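Asker: With the input below, show me the fold.
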Amino acid sequence: MRIDAREYTFDVRAGGPEDGPPVLLLHGFPQHGGEWDDVVPALHAAGLRTYALDQRGYSPGARPEAVEAYRLAELVADAAAVLDALGVDAAHVVGHDWGAVVGWGLAADHPDRVRTLTAVSVPHPAAMAHALEVDPQQKARSAYMVLFRQAGKAEKALLALKATGLRRMLSGVGDADRVAAYAEPMRAPGALTGALNWYRAMSREDLAAVGAARVPTTYVWSDRDIAIGRTAAEACAGHVTGDYRFVELAGVSHWIPDEAPSPLAEAILARIQG
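Answerer: Below is the predicted model of the structure:
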């Protein structure tokens, strides 16, 4: 389905019983709402209504050119506006990677719109900032962002030779078909630039401004995540004032929704069901 919000048109994958409690699913880079395909069956079986949003830069109808249009406040406002357009006052929010960052922003700034939060892979921005200050290993893990913030150079590096670089980065999601399901949409004109603009618009000030999550929150982290180390993961607890749970998945990479959909669905349902 397509949803008009904030002068843009967003693609949304809806499923589950229409009268079920709503769940807003927010994807990460460089994926789309389809990353939840193996997670949602368990949520639907539990009676939940899911909305997997293709976010700004990923939905072709919501792809502004200006880098400033991708600042965190705009991304959070998109999610809230989509809920408005769906007629949803408050939803259970689940976000992976950059989607988790948007979820943290929603839980801090609009707690009335968030029944529960399940953040996957990426911890609270303040926890990440702390790790970058004190943990040299986290600095090394995050070095890829330097390339991503370089307009033109990053696109060339990732899209050359039929997106070999992008496909290699996505190798942990599964087989070649699953890799292609994420890589091919990024080859459309302007698509990868829109996705990378999230990194280019990112600022320490915006991330530092994210307050504590004031809703019941679960943070799901995997110990083979190449991008997020244990220092950042364990610092997350200090930035939640609601009930907090930390779920660690052993032997799983960064691509949790693809690699471990069943344990992730269990963690989401445990949070939603209290």
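
Asker: Run through the neighbouring helices and strands of the helix or strand hosting residue 133.
Answerer: Residue 133 belongs to helix 125-134 when assigned by DSSP states H and E. Under the contact definition 3 or more C-beta pairs under 8 Å, 6 or more residues apart in numbering; DSSP states H and E, helix 125-134 sits against helix 136-141, helix 204-208, helix 230-235. Yep, even glycine has a C-beta here, placed from its N, CA and C like the rest.

Asker: can you give me the strands in the stretch 101-250 of the chain?
Answerer: Using DSSP state E, counting those that start in this stretch, the strands of the stretch 101-250 of the chain run over residues 114-120, 217-222, 244-249.

Asker: Mean neighbour count, distance to residue 139 and mean pLDDT for those strands - can I get that in JSON lines?
Answerer: Conversion of the strands of the stretch 101-250 of the chain to JSON lines gives the following (neighbours: other C-beta atoms under 10 Å; distance: least, C-beta to C-beta, whole Å; pLDDT from 0 to 100):
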{"stretch": "strand 114-120", "mean neighbour count": "25", "distance to residue 139": "22", "mean pLDDT": "98"}
{"stretch": "strand 217-222", "mean neighbour count": "25", "distance to residue 139": "18", "mean pLDDT": "98"}
{"stretch": "strand 244-249", "mean neighbour count": "16", "distance to residue 139": "22", "mean pLDDT": "98"}
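
Asker: can these go into TSV with extra columns for distance to residue 94?
Answerer: Output for the strands of the stretch 101-250 of the chain, formatted as TSV (distance: least, C-beta to C-beta, whole Å):
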stretch	distance to residue 94
strand 114-120	4
strand 217-222	9
strand 244-249	13
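
Asker: For residue 39, which of these is the nearest?
Answerer: strand 114-120 (9.6 Å; C-beta to C-beta).

Asker: mind listing the helices for this structure?
Answerer: Assigned by DSSP state H, the chain shows helices spanning 40-45, 72-86, 98-109, 125-134, 136-141, 144-148, 153-169, 176-183, 191-201, 204-208, 230-235, 256-259, 261-272.

Asker: Could you identify which of these is most buried?
Answerer: helix 98-109 (a mean of 27; mean count of other C-beta atoms under 10 Å).

Asker: For it, name the packing helices and strands.
Answerer: strand 22-26, helix 72-86, strand 91-96, strand 114-120.

Asker: shaky segments in the stretch 51-200 of the chain?
Answerer: Within the stretch 51-200 of the chain, no range satisfies pLDDT under 70.

Asker: Now do the contacts for the residue most central in space within the chain.
Answerer: For the chain, the residue nearest the mean C-alpha position is residue 99 (1.8 Å; C-alpha atoms, centre = their mean). Residues in contact with residue 99 (C-beta atoms under 8 Å, 6 or more residues apart in numbering) are 25-28, 55, 120.

Asker: go on, residue 162?
Answerer: residue 187.

Asker: Kindly provide the distance from the residue nearest to residue 262 when sequence neighbours are not counted to residue 157.
Answerer: Computed as C-beta to C-beta, 6 or more residues apart in numbering, the closest residue to residue 262 that is not its neighbour in sequence is residue 42, at 7.1 Å. Distance, residue 42 to residue 157, using C-beta to C-beta, to the nearest Å: 37 Å.

Asker: if we can go back for a sec, mind putting the helices and strands packed on helix 125-134 in JSON lines, distance to residue 257 included?
Answerer: Below are the helices and strands packed on helix 125-134 laid out as JSON lines (distance: least, C-beta to C-beta, whole Å):
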{"stretch": "helix 136-141", "distance to residue 257": "20"}
{"stretch": "helix 204-208", "distance to residue 257": "23"}
{"stretch": "helix 230-235", "distance to residue 257": "17"}
